[in-house]
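*Asks:* got a predicted structure plus its sequence, pasted below:
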Amino acid sequence: MLLAAIIWGSAFVAQRTGLDSIGPFYFCTFRSFTGSLTLFIVYMIISRKSSVKAINDEISEEEKKEERKTLIKGGLVCGTLIFFAMNMQQVGLVSVDAGKTGFITALYIVLVPVIGMFFKHKTSLFNWIGVALGVAGLYLLCVTSEFHIEKGDLIILTGAVFWAFHILSINHFAPKINAVKLTAAQFFVAGIISMIFALFNETLSFEAVYGAGFSILYTGIMSTAIAFTLQVAGQKYANPTAASMVLSTEALWAVVFGFLILGERLSARETAGCIIMLLAVVISQLPTPQKKGEKNEQDLENSKLKENL
């Protein structure tokens, strides 16, 4: 899972460099289709295993029909949400550093339990402490001494809200269907919507696609397919809280790679904001103390999710 976090953190740099050659909507179009195709190939390889084939053979036609309906619905809902999240992040990267983008985006981890309250999910004291720290860190990172927030920061922050809604939608659909199929479907939908927006807002040339080729392949294959597979594999054996904390280091890796590859520098104020936001992410994921014999609700949800992966 640490490798997945490193890949996702470095992907911010690939996204940033890709914008030197191609517009954000076309970038997300090619990234989404590449990721969807790669995941489809991964699923086809996995489905050839005898154990998977045996399970599929036991499913009735009625269950297969219901699964297809869920896949279509989940693909449309999750794909639409990830379209907004991914494209807002990409548009924001036009004017915002990769490292800074990583930390603003990481706020979705803090926002998930808060938004989840409106869907009758429980929210702990640690979640609220995380929210308070997240707001303080965001202020230091994005708001200037003149109380001004840059347009790019605001776009990425809005994208983080959509990432939070996307996580909640995945939490709803994933237990009902194979996770790899759902991810492939959502990126296919996101690719189609991105392409529609690109056709009306951007121009495209072979030179542009060629120039952004490495960035598209890296984010499409490494960030979307391989890192996702590593996350799924890792979460089958790791404690959910530990897994979340390891994955949350994605923002740190975004800063590290932004510094090493792009030469990005954070001011003292921005660095303080990043540290506070990292604390917010970690604290918001701390498990609520449970009474003896009482199981954590989040652990139960993760157990159900693992059974369906």
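*Replies:* Everything's here; your move. This is a predicted model, so every value here is computed, not measured.
*Asks:* let's see the pLDDT reported for the closest residue to S21 other than its chain neighbours.
*Replies:* Nearest residue to S21, sequence neighbours excluded (CB to CB, 6 or more residues apart in numbering): G211, at 3.1 Å. (C-beta placed from N, C-alpha, C; glycine too.) At G211 the predicted local confidence, pLDDT, stands at 92.
*Asks:* my guess is G211 meets G23, correct?
*Replies:* No. With contact defined as CB atoms under 8 Å, G211 does not count as touching G23 (11.9 Å).
*Asks:* excluding its backbone neighbours, what's nearest G134?
*Replies:* That would be A280: by CB to CB, 6+ apart, it lies 3.9 Å from G134.
*Asks:* before we move on, what about L217?
*Replies:* Using CB to CB, 6+ apart, the closest residue to L217 is T34 (6.5 Å).
*Asks:* what residues are up against that neighbour?
*Replies:* 216-217, 219-221, 224 (CB atoms under 8 Å, 6 or more residues apart in numbering).
*Asks:* and the helix or strand where A185 lies, average pLDDT?
*Replies:* If you go by DSSP states H and E, A185 is part of helix 179-201. Mean pLDDT, computed over helix 179-201, is 92.
*Asks:* what packs against it?
*Replies:* helix 24-47, helix 61-92, helix 227-235 (3 or more CB pairs under 8 Å, 6 or more residues apart in numbering; DSSP states H and E).
*Asks:* could I get the average pLDDT for the helix or strand where the residue nearest to G134 lies?
*Replies:* In the assignment (DSSP H and E), A280 maps to helix 268-284. Per-residue pLDDT values across helix 268-284 average out to 83.
*Asks:* same question for stretch 35-51.
*Replies:* Mean predicted lDDT for stretch 35-51 stands at 80.
*Asks:* ok, how many other residues are close to T158?
*Replies:* By the criterion of other CB atoms under 10 Å, T158 has 16 neighbours.
*Asks:* how about the contacts made by it?
*Replies:* M88.
*Asks:* can you tell me how far it is from E150?
*Replies:* Using CB to CB, to the nearest Å, T158 is found at 13 Å from E150.
*Asks:* can you check I221 too?
*Replies:* Taken as CB to CB, the span from I221 to E150 is 32 Å.
*Asks:* in this structure, where is pLDDT below threshold?
*Replies:* Flagging of the chain using pLDDT under 70 yields the residue ranges 1, 49-60, 144-148, 232-245, 288-309.
*Asks:* nearest residue to the residue positioned nearest the centre of it in space, please, no chain neighbours.
*Replies:* Central residue of the chain (CA atoms, centre = their mean): W163, 6.3 Å from the mean position. Nearest non-adjacent residue to W163, counting by CB to CB, 6+ apart: Y108, 3.8 Å away.
*Asks:* state the number of residues packed around that neighbour.
*Replies:* Counted with other CB under 10 Å, the neighbours of Y108 add up to 21.
*Asks:* that one contacts L157, doesn't it?
*Replies:* No. With contacts counted by CB under 8 Å, Y108 stays clear of L157, the gap being 9.9 Å.
*Asks:* and H121, what does it touch?
*Replies:* Contacts of H121 by CB under 8 Å, 6+ apart are P113.
*Asks:* pretty sure it belongs to a helix, no?
*Replies:* No. If the criterion is DSSP: H, G, I helix; E, B strand; the rest coil, then H121 is coil and not within a helix.
*Asks:* any idea how far N178 lies from L111?
*Replies:* 27 Å.
*Asks:* G258 too?
*Replies:* Computed as CB to CB, the G258 to L111 distance reads 23 Å.
*Asks:* next one: F12
*Replies:* 19 Å.
*Asks:* neighbour count for those two, which is higher?
*Replies:* Using other CB under 10 Å, the more surrounded residue of F12 and L111 is F12, with 29 against 23.
*Asks:* wait, isn't L266 in contact with A254?
*Replies:* No. Counting by CB under 8 Å, no contact exists between L266 and A254, whose distance comes to 11.2 Å.
*Asks:* can you pull the residues that touch both of the two?
*Replies:* Listed as contacting both L266 and A254 by CB under 8 Å, 6+ apart are G99.
*Asks:* between the two, who's got more neighbours?
*Replies:* A254 (31 against 18).
*Asks:* using the three-state scheme, assign the more buried one.
*Replies:* Using three-state DSSP, the structure places A254 in helix.
*Asks:* give me every residue that touches C274.
*Replies:* Contacts for C274 were tallied using CB under 8 Å, 6+ apart; they are 99, 103, 137, 141, 251, 255, 266.
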